[in-house]
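>>> model this:
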Amino acid sequence: MRTDTRRSRATARLRRVIPVLAVAVLAVGTLVADVVVRASPSATLEDYVLPDGYGWMCAVLVLLQAAVLWWRGPRPALALVATTVLDIAIMSLTSGELGMGAIAVMVAVVAIRQRLDTRPALLWVAASAAASAIAGAIALASSDVVPGEWSFALALTRVAITFVAPALIAEVTISRRRMLEALRERAALAERDRERSAREAVQQERALMARELHDIAAHHLSGIIVGSQAAGALLAREPDRAREYLRGVTTEAQETLANLRQTVGLLRPDQQGELGPQPALDRLPELVDGLRASGMTVVFEQSGEPVPLGPVAEIAAYRMVQESLTNARRHAPGAPCDVTVRYGSDSVELSVTNAPSGGSVPTEGGGNGLLGMRERAALTGSTLHAGATPDGGWRNVLVVPYPSTNEESA
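Okay, here's the model as predicted:
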């Protein structure tokens, strides 16, 4: 970081110093050239580019331009006006024949376009160019180098080279810089979007995993607790039945471990291990039989021809039935439950109803169960209805559209 900062500062200093040094070298070169020509034994008056003593004056004026260019960063308008005035003075001394002052003016034009907005920069350049054109035409007209009618045309040509060309170069440079900045900004926005999408994907995956773990733990652990309590109560009086309940607890614990391993295995998509069957509607009879074995009264009915819903919808439907029965066992212990699956023409309806109990009726604020059901329903385009029955029980109804009317792929 420090190395990059030092490097950028050094580059900025070079960009500021190099034009100043170039103009200063031009001034020294002009003076040296004039001295060498005058010192030549074969030189005649026609070889003298500048009148006697004017070489020193022009060199001083160019050095003043170099000094002015040092301040072109903070004072670009002042630098342009000052270099233009000095250039006009040089043209007056040389009758418009030499353009040694034009280099500094070019640098000042580029600087003012880079530092100021387009409108004020162009106004300053236009005013300076007009003054230079008029002064150049007058200087050329007073000399016998070109015919008088050509003086203004040559002055305009000099203005085009000195003012218009640098302004166009600066405009192209600015446009390219803005384009690069826009591309960098677009790349940064794209990178932020990718990071945000990645974070959202991770959050969604965590939420899905949390719902899976909640459903597994709530269902199986409730069965383990109920079975353990029943076994403890029957251990002294009916040891055979107690052992049966304990065997059920063991089976429930083994299923819990297997389901947890399967869920955690979803975190490793690169490992193609045997994950076992996914929860689906064809496993609902197995779910009901397990609950019956734990002492819960469950009536299961299914009608219609089964239609595959796709993996996500199958898991959502299965988890709704599982969570509903778990809530019934937790909030209405001992109450009978009815599970109904009806395959219709364009959707399947799953209903879980439990009779009233001496306990309180569950509400949506009692945990993450109903919230997880609603999130799964929204994910699959399904509709969930949950509420109390007139007799004080509870009913959850999930309507899942078939893949032909739902965008979920099978």
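>>> Now do the helix or strand containing Leu291: everything it contacts.
Using DSSP states H and E, Leu291 falls within helix 284-293. Contact with helix 284-293 is made by 223, 248, 251-252, 255, 298, 300, 302, 318, 321-322, 325, 329, 339, 341, as judged by Cβ atoms under 8 Å, 6 or more residues apart in numbering. All C-beta spots, glycine's among them, are computed from the backbone N, C-alpha and C.
>>> closest to Leu180 among these?
Tyr318 (54.7 Å; Cβ to Cβ).
>>> what about the closest one, neighbour count?
21 (other Cβ atoms under 10 Å).
>>> so it touches Asp282, yeah?
No. Checked against Cβ atoms under 8 Å, the pair Tyr318 and Asp282 is beyond contact range at 9.2 Å.
>>> so where do the strands sit in the stretch 201-350 of the chain?
Using DSSP state E, counting those that start in this stretch, the strands found in the stretch 201-350 of the chain span residues 298-303, 337-343, 347-354.
>>> Just say which of those is most tucked in.
Of all the strands of the stretch 201-350 of the chain, strand 347-354 has the most neighbours on average by mean count of other Cβ atoms under 10 Å, namely a mean of 22.
>>> Now the element after that strand, going C-ward?
With DSSP H and E, the next secondary element past strand 347-354 is helix 369-380.
>>> neighbours of Ala130, just the number please.
12.
>>> What lies in contact with the helix or strand that contains Ala121?
For Ala121, the host element (DSSP H and E) is helix 118-141. Contact with helix 118-141 is made by 76-77, 80-81, 84, 87-88, 91-92, 94-96, 105, 109, 112-113, 115-116, 146, 148, 150-152, 154-156, 158-159, 162-164, 167, as judged by Cβ under 8 Å, 6+ apart.
>>> Present the strands of the stretch 201-350 of the chain as a markdown table; the columns should include mean pLDDT.
Formatted as a markdown table, the strands of the stretch 201-350 of the chain follow (pLDDT from 0 to 100):
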| stretch | mean pLDDT |
| --- | --- |
| strand 298-303 | 94 |
| strand 337-343 | 95 |
| strand 347-354 | 94 |
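>>> Relative to Ala313, which of the ones you listed is closest?
Between Ala313 and the strands of the stretch 201-350 of the chain, the tightest spacing by Cβ to Cβ is seen for strand 347-354, at 8.9 Å.
>>> Report the strands that pair with the closest one, each with its relative direction.
strand 337-343 (antiparallel), strand 394-401 (antiparallel) (DSSP bridges).
>>> Skip the chain neighbours and tell me the closest residue to Ala165.
Nearest non-adjacent residue to Ala165, counting by Cβ to Cβ, 6 or more residues apart in numbering: Met106, 7.6 Å away.
>>> and if you look at Ala82?
Nearest to Ala82 is Val68, by Cβ to Cβ, 6+ apart, at 4.4 Å.
>>> Check Ala313 too.
Thr380 (4.4 Å).
>>> what's around the one you found, how many residues?
21.
>>> quick one: pLDDT of it?
Thr380 is assigned 80 on the pLDDT scale.
>>> Domains of the protein: list them as residue ranges, please.
Recorded structural domains for the chain (assignment: automatic domain parsing) are 2-190, 282-410.
>>> Check those domains for me: which has the lowest mean pLDDT.
Of all the domains of the chain, domain 2-190 has the smallest average pLDDT, which comes to a mean of 75.
>>> Give the buried residues for the helix holding Leu291.
Neighbour counts over helix 284-293 (16 or more other Cβ atoms under 10 Å) mark Leu284, Leu287, Val288, Gly290, Leu291, Ala293 as buried.
>>> nearest to Gln229, of the domains of the chain?
domain 282-410 (10.1 Å).
>>> List just the nearest of the contacts of helix 284-293 to Thr389.
Val339 (14.8 Å).
>>> Contact partners for the nearest residue to that closest one once chain neighbours are set aside?
In space, and not counting its chain neighbours, Val339 is closest to Phe300: 4.8 Å by Cβ to Cβ, 6+ apart. Applying Cβ under 8 Å, 6+ apart to Phe300 gives the contacts Leu284, Pro285, Val288, Val339, Val341.
>>> The fourth one and Ala253, how far apart?
Val339 is 24 Å from Ala253, where distance means Cβ to Cβ, to the nearest Å.
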